[in-house]
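**Student:** Please work out how this folds:
(one chain, ligands or ions: 1)
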Amino acid sequence: MHNAIYQITNEQPAVRMRAARRRYELGDETVDALNDLDVDFHRRTFTAVMGPSGSGKSTLLQCAAGLDRLNGGETFIGDVEIGSLSEKARTLLRRSKVGFVFQSYNLIDSLTAIQNLELPLRLAGRKPERSRITAGLTRVGLGDRMHHRPSQLSGGQQQRVAVARALVSGPEVVFADEPTGALDSAGSRSVLELLRSVVDREGQTVVMVTHDPTAASFADRVLFLRDGRVVDDLQHHRGVPGDNRTAAQIAARMAEVRA
Ligand SMILES: Nc1ncnc2c1ncn2[C@@H]1O[C@H](COP(=O)(O)OP(=O)(O)OP(=O)(O)O)[C@@H](O)[C@H]1O
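**Tutor:** The predicted model follows:
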């Protein structure tokens with residue numbers, strides 16, 4: 001690893017992984033999708049996770065979000081070590097502390113935007129407050145689309161509903177797995193600007209997997225994985241989101257990581 005600049009802070013990270021190992025066994029073949037990986041995701045930061053196909057990006061997100069379990073090491077969300085929790089406790093923690101955004105939006109087609117935001121609160125046994133839901137949709141720029149169903153929205157708008165849904169429980173962290181992978185450049189930009197603003201204006205923490213250096217240029221930090229390990233950690237606070245030069249620097253670093 002080179003050029004790593006670590007944030008010096010006494011504040012507890014939103015998410016911390018230590019000596020994380022996720023081993024998959026298929027027949028005789030064993031893959032360490034995460035291989036003794038250490039990482040902190042600090043509060044109020046936007047991290048992009050990049051790396052070649054199969055380097056462990058999705059596994060990192062799934063394990064950090066408590067959707068999958070480690071075989072070794074620890075994951076903390078806030079001060080809770082999630083590996084020690086029962087399945088039920090982990091589900092409850094995930095519902096309240098973690099938001100997840102998927103490439104394919106994963107909205108319920110038969111429900112309106114409002115109803116899609118109400119659903120996770122209902123599942124968590126909380127009564128959805130209408131004012132909170134409408135505020136959530138307004139803040140993602142969809143105040144005039146609240147009663148639309150997903151099929152009546154553009155891809156970028158659907159993904160912004162998904163971001164609003166991820167935020168509705170007031171999570172510690174939002175994980176996004178290639179959130180712009182299915183979008184055109186205008187839709188991508190609207191989602192990336194939204195993610196940037198939830199960090200800058202609302203003090204949220206975002207961790208996003210992406211293959212796209214332009215998407216990564218919206219982040220404060222780019223973590224590069226290879227073979228289940230962190231091999232580079234680029235902090236580019238002076239980068240300009242969406243700027244070609246910043247994206248070119250990230251692409252160059254990505255090429256080094258692949259080499
Ligand atoms: N359920 C599984 N069973 C067996 N092997 C798996 C499973 N999930 C992932 N792997 C393996 O673990 C490694 C890491 O996979 P992962 O999906 O995390 O990579 P990735 O960096 O997200 O890849 P991509 O960019 O292609 O989405 C790969 O070698 C993959 O084949």
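**Student:** what's around G73, how many residues?
**Tutor:** 17 (other CB atoms under 10 Å). Quick note: C-beta positions are derived from backbone N, CA and C, even for glycine.
**Student:** My read is that I250 contacts F218, right?
**Tutor:** No: in this structure I250 lies outside contact range of F218 using CB atoms under 8 Å: 10.5 Å.
**Student:** Pull up the overlap in contacts between those two.
**Tutor:** Counting by CB atoms under 8 Å, 6 or more residues apart in numbering, the common neighbours of I250 and F218 are A48.
**Student:** Pick out whichever of those two has more residues nearby.
**Tutor:** F218 (29 against 25).
**Student:** and that one, that one's in a strand?
**Tutor:** No: counting by DSSP: H, G, I helix; E, B strand; the rest coil, F218 is not part of a strand but coil.
**Student:** For it, give its distance to the ligand.
**Tutor:** 19 Å (CB to the nearest ligand atom, to the nearest Å).
**Student:** Repeat that for L67.
**Tutor:** Counting by CB to the nearest ligand atom - L67 and the ligand are separated by 12 Å.
**Student:** Identify the residues contacting that residue.
**Tutor:** Counted by CB under 8 Å, 6+ apart, L67 has contacts 61, 94, 100.
**Student:** The ligand: which of those is nearest?
**Tutor:** Of all these, the ligand sits closest to L61, with 8.0 Å by CB to the nearest ligand atom.
**Student:** Could you tell me which residues of the stretch 51-200 of the chain lie near the ligand?
**Tutor:** 51, 53-59 (CB under 6 Å from any ligand atom).
**Student:** Buried residues, the host helix or strand of R245. List them.
**Tutor:** Here R245 sits within helix 244-258, counting by DSSP states H and E. Neighbour counts over helix 244-258 (16 or more other CB atoms under 10 Å) mark 246-247, 249-251, 253-254, 257 as buried.
**Student:** now do stretch 12-22
**Tutor:** Applying 16+ other CB under 10 Å to stretch 12-22 flags 13-18, 20-22 as buried.
**Student:** got it, and stretch 81-93?
**Tutor:** Applying 16+ other CB under 10 Å to stretch 81-93 flags 82-83, 85, 90, 93 as buried.
**Student:** picking up where we left off before, got a markdown table for the contacts of L67, with pLDDT and distance to P128 too?
**Tutor:** Listed next are these as a markdown table, based on pLDDT from 0 to 100; distance: CB to CB, whole Å:
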| residue | pLDDT | distance to P128 |
| --- | --- | --- |
| L61 | 97 | 26 |
| R94 | 91 | 18 |
| F100 | 95 | 18 |
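**Student:** show me where this structure has helices.
**Tutor:** Taking DSSP state H as the test, the helices found in the chain are 57-64, 87-97, 113-123, 130-139, 155-167, 185-200, 213-216, 244-258.
**Student:** Looking at those, spot the one closest to T45.
**Tutor:** helix 185-200 (6.7 Å; CB to CB).
**Student:** starting at the chain centroid, how far to the closest one?
**Tutor:** 13 Å (CA atoms, centre = their mean, to the nearest Å).
**Student:** Helix 130-139 and that helix, what's the angle between them?
**Tutor:** 120 degrees (axes from the mean of the first three to the mean of the last three CA atoms, to 10 degrees).
**Student:** I appreciate the help and will end here.
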